[in-house]
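> Need coordinates for the following:
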Amino acid sequence: QVTLVESGGGLVQPGGSLRLSCVASGFTFSSHVMSWHRQAPGKERELVASIVSGGGSTNYGDSVKGRFTISRDNAKNMVYLQMNSLKPEDTAVYYCAALRYGSPHYWGQGTQVTVSS
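All right, here's what the predicted structure looks like:
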């Protein structure tokens, strides 16, 4: 059974930081590109960041470049999203995903991030 479980979300003030984690099981984690996506109320889900299977290359959405960092630990089947300089517009449910042929194939259940004073 494939599972992706996110954690680390919560309420943070503007300018603050959070680190999201996602633990994967049930598939060959080290062979998959992994990604983080987010969905704000009334908006479509959007790609935040992705990282190739070996971790040597990353990609970011324009709105988070320079503030967020994606990383992974294949020995632990974990992928992380370090979020710094958070803004109210970063408020969303954040999802971890495993990609197949360039598209999300497995999804986590999501973790809420709220940026507010």
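> quick check, distance from stretch 94-102 to the centre of its chain.
In terms of C-alpha atoms, centre = their mean, to the nearest Å, the centre of stretch 94-102 is found 9 Å from the chain centre.
> again, but for stretch 87-100
Between the centre of stretch 87-100 and the centre of its chain there are 5 Å (C-alpha atoms, centre = their mean).
> for Tyr95, what are its contacts?
Tyr95 makes contact with 6, 36-39, 45, 107-110, according to C-beta atoms under 8 Å, 6 or more residues apart in numbering. C-beta: built from backbone N, CA, C; applies to glycine.
> Now with 10 Å, please.
By C-beta atoms under 10 Å, 6 or more residues apart in numbering, the residues touching Tyr95 are 4, 6, 20, 22, 35-39, 45, 48, 104, 107-111.
> Report the beta-bridge partner residues of it.
Beta-bridge partners for Tyr95, by DSSP bridges, are His37.
> quick one: it from Ser117, how far?
Distance of Tyr95 to Ser117, given as C-beta to C-beta, to the nearest Å: 25 Å.
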